[in-house]
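> Any chance you can model this:
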Amino acid sequence: MQSSVLQRSASSDAYTDLNSLNNIRSLGRTDKNAALEEVAKQFESMLVRMMMKSMRDANEVFAEGNMLSSASTAMYQQMYDDQLAVSLSKGGGMGIGDIMVKQLQQRFGTEQAAATATEPKLFTRPEKAISVAPVRLSQNTTVVEPAVVASAKVSEKSVLDFDGSAVDFVSKLYAMAKTAAEKLAIEPKDLLAQAALETGWGKKITQDSQGTSSFNLFNIKASADWQGEAVSVSTLEFRNNIPVQQQANFRSYDNIQQSFDDYVNFIMGRGRYDKALEAEDGGQYIQELAKAGYATDPQYAEKIIRIANSDVMKNAIASVEVK
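Residues are numbered from 1 along each chain as shown. From the prediction side, this is the model:
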């Protein structure tokens with residue numbers, strides 16, 4: 001109750017409210033992630049205000065000699081711009097705040113928030129990833145090693161019903177993760193942490209336009225050697241450490257078990273991951289994956305290792321192992 005009151009207080013709707021900083025500081029003591037969101041909104045509001053001021057300054061030349069132009073008019077225009085900047089930062093904003101929230105939560109938020117942080121919305125990008133119906137990719141290249149088709153070990157309903165919590169995610173995937181991890185000579189927590197980062201603890205598994213899950217826990221792309229189904233979605237890639245939105249094809253499976261089987265096959269069937277397979281522990285395994293180019297995010301390994309070693313993951317695994 002106290003947290004919700006503070007949160008409403010921190011979300012100032014007027015630029016004249018000078019208590020925002022203190023409210024955010026108070027909110028940070030009870031809900032760090034909510035406070036980080038407010039910080040991002042405030043920063044976005046400042047940037048919008050600077051942008052609008054630059055636009056006004058650029059148009060000052062047209063106000064010269066205008067009988068409607070005066071110091072009072074300029075003052076009211078500035079007041080209007082300041083309020084507009086605050087209003088624009090609310091809700092979806094312009095997307096700047098969303099990018100900041102994701103980066104701040106990964107760096108200063110809780111471990112679970114780092115994995116569940118949503119992708120930044122760039123201006124009018126919809127909440128749900130743009131997707132198209134599954135397509136079968138025509139292939140003319142040699143298949144490295146086709147994925148092993150295995151029967152589902154969990155029901156489709158349970159796979160599609162992840163509630164976003166670590167306990168739910170781990171309890172439904174632990175048995176399969178343990179089998180796959182043994183083949184790679186690592187611990188289940190390392191695979192679960194990677195899948196958690198890739199899918200936001202199961203809440204953001206790629207889907208086709210009908211909402212059918214691809215069951216792709218590790219976001220393996222449907223490259224030239226893939227002969228199965230695929231879904232095309234909007235994704236965030238890093239180019240020279242700069243996030244860029246682009247459309248990409250991802251592999252689609254019949255069930256979660258196939259995702260684990262194909263991941264093991266994918267890592268073991270490509271020479272560039274040999275150093276990862278020779279790693280002495282899970283942390284080194286993840287670092288070698290990142291070095292080999294598994295993902296473009298420059299902080300990919302750091303994020304996974306932080307999730308794998310977090311209390312959230314430890315407690316989730318402990319709850320499963322006691323059963």
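> A strand includes Phe250, no?
Yes - under DSSP: H, G, I helix; E, B strand; the rest coil, Phe250 falls within a strand.
> from memory it sits against Phe215, does it?
No - when contacts are counted by C-beta atoms under 8 Å, Phe250 is not listed as touching Phe215 (10.6 Å). Every C-beta, even on glycine, is put in place using the N, C-alpha and C of the backbone.
> Of the two, which one has the most company?
More neighbours surround Phe215 than the other of Phe250 and Phe215, with 23 against 20 (other C-beta atoms under 10 Å).
> show me the contacts for the residue nearest to the more buried one when sequence neighbours are not counted.
Excluding the flanking residues, the one nearest Phe215 by C-beta to C-beta, 6 or more residues apart in numbering is Tyr253, at 4.3 Å. Neighbouring residues of Tyr253 by C-beta atoms under 8 Å, 6 or more residues apart in numbering: 147, 214-216, 228-229, 259, 262.
> pLDDT below threshold where in the stretch 101-250 of the chain?
Counting by pLDDT under 70, the ranges of the stretch 101-250 of the chain that qualify are 101-160.
> Show me the helices in the stretch 201-323 of the chain, by range?
Using DSSP state H, counting those that start in this stretch, the helices of the stretch 201-323 of the chain run over residues 256-268, 274-277, 282-291, 300-308, 311-321.
> With only the CA atoms kept, save the first one in PDB.
Extracted in PDB, the C-alpha atoms of helix 256-268 (Å, rounded to 0.1, in the frame of the first residue of the first chain):
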ATOM      1  CA  ILE A 256      10.000 -27.100 -25.500                       C
ATOM      2  CA  GLN A 257      12.000 -30.400 -25.500                       C
ATOM      3  CA  GLN A 258      13.000 -29.800 -29.100                       C
ATOM      4  CA  SER A 259      14.300 -26.400 -28.100                       C
ATOM      5  CA  PHE A 260      16.700 -27.900 -25.600                       C
ATOM      6  CA  ASP A 261      17.700 -30.700 -28.000                       C
ATOM      7  CA  ASP A 262      18.400 -28.300 -30.900                       C
ATOM      8  CA  TYR A 263      20.300 -26.000 -28.600                       C
ATOM      9  CA  VAL A 264      22.700 -28.800 -27.600                       C
ATOM     10  CA  ASN A 265      23.000 -29.800 -31.200                       C
ATOM     11  CA  PHE A 266      23.600 -26.200 -32.300                       C
ATOM     12  CA  ILE A 267      26.400 -25.700 -29.800                       C
ATOM     13  CA  MET A 268      28.100 -29.100 -30.300                       C
END
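> and the angle for that helix with helix 282-291?
Counting by axes from the mean of the first three to the mean of the last three C-alpha atoms, to 10 degrees, helix 256-268 lies at 70 degrees to helix 282-291.
> Tell me which other helices or strands helix 256-268 touches.
Counting contacts by 3 or more C-beta pairs under 8 Å, 6 or more residues apart in numbering; DSSP states H and E, helix 256-268 packs against helix 166-184, helix 274-277.
> Ok, which of these comes nearest Ala316?
Across the helices and strands packed on helix 256-268, Ala316 has its closest neighbour in helix 166-184 (4.0 Å, C-beta to C-beta).
> Now do the closest one and helix 282-291, the angle between them.
Using the same axes, to 10 degrees: helix 166-184 against helix 282-291 is 80 degrees.
> okay, the angle between the helix or strand following helix 166-184 and helix 300-308?
Counting by DSSP states H and E, the next helix or strand C-terminal to helix 166-184 is helix 188-199. In terms of direction (the same axes, to 10 degrees), helix 188-199 departs from helix 300-308 by 120 degrees.
> how about helix 188-199: buried residues?
By 16 or more other C-beta atoms under 10 Å, the buried positions in helix 188-199 come out as 188-199.
> want to try CSV for those, with distance to Ser45 as columns?
Formatted as CSV, the buried residues of helix 188-199 follow (distance: C-beta to C-beta, whole Å):
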residue, distance to Ser45
Pro188, 44
Lys189, 40
Asp190, 40
Leu191, 41
Leu192, 38
Ala193, 35
Gln194, 36
Ala195, 36
Ala196, 32
Leu197, 30
Glu198, 32
Thr199, 32
